[in-house]
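Participant: heads up, no residue letters with this:
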């Protein structure tokens, strides 16, 4: 089978694009704001947020959606509104069109607007519960909890991570899992909408379920908006561009996070 022609981000600059957005539903509010303001044609589909609790199933579903969008031969690129999310996107392969995904461990980074802010508030306490209007407004649990599902996913062990991604990555994951489970629950506000009702629900959760105060953080939708409005064309530090024929690999650090690689045996 012939390899698909390699598409570069520079080839997509300067024209109106047809883009497929495949995203977790927790990004729906920020995504719709960006879609309305975009000069490109965006075709979105949103997946249930609890799907990341079954990362192997979610990965299969995402690859099916990627393949379908590629087969339609109408899209210039496919945008993934996900972080690494318990390895849910690790192994996803670009077919005839490129994939673009933010460099993020999970959607918490996307709501905060940068990896720097994520490290500031969560690197010492990755199990700290957090939520946002998009998270509360979706079906299922109202707060994100548990670094084990976020990093390992699917019942994987540290040994599994070492076998799949190497000893250095496994060491990084193990250090994260040893971090203390401390800190008040966090609510990340959405700067583009009225947060009042969501804040009330978050406060009720913190008081009734955790017996704790709720910490408030100001959100920043720049990474979500940039994904949809084309910031990835020039910004490779915060977005990964996966050319046709390559796949996403997890790195498990606080900078690169994910990278594009050719399938084994290629």
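Facilitator: Perfect, I can see it now. All values reported here derive from a predicted model rather than from experimental measurement. Numbers count the residues shown, from 1 in each chain.
Participant: can you give me the strands in the stretch 51-200 of the chain?
Facilitator: According to DSSP state E, counting those that start in this stretch, the stretch 51-200 of the chain carries its strands in the segments 77-81, 99-102, 130-131, 186-189.
Participant: and the closest residue to residue 186 other than its chain neighbours, how far from residue 124?
Facilitator: Residue nearest to residue 186 in three dimensions, not counting chain neighbours: residue 130, with 4.2 Å by Cβ to Cβ, 6 or more residues apart in numbering. C-beta here means a position set from N, CA and C on the backbone, and glycine is covered the same way. Residue 130 is 14 Å from residue 124, where distance means Cβ to Cβ, to the nearest Å.
Participant: again, but for residue 108
Facilitator: If you go by Cβ to Cβ, the gap between residue 108 and residue 124 works out to 14 Å.
Participant: ok, now residue 41?
Facilitator: For residue 41 relative to residue 124 (Cβ to Cβ), the value is 42 Å.
Participant: angle of the helix or strand where residue 30 lies against strand 77-81?
Facilitator: Element membership of residue 30, judged by DSSP states H and E, is helix 28-37. Orientation check (axes from the mean of the first three to the mean of the last three Cα atoms, to 10 degrees): helix 28-37 against strand 77-81 gives 150 degrees.
Participant: which residues does helix 28-37 contact?
Facilitator: 21, 23, 42, 44, 46, 81, 111, 133-134, 137-138, 190, 192-193, 221, 224-225, 227-229 (Cβ atoms under 8 Å, 6 or more residues apart in numbering).
Participant: so what does whichever helix or strand comes after it touch, helix or strand wise?
Facilitator: Next along the chain after helix 28-37, taking DSSP H and E as the criterion, comes strand 41-47. Contacts defined by 3 or more Cβ pairs under 8 Å, 6 or more residues apart in numbering; DSSP states H and E place strand 41-47 against strand 18-24, helix 28-37, helix 55-72.
Participant: that'll do, ta.
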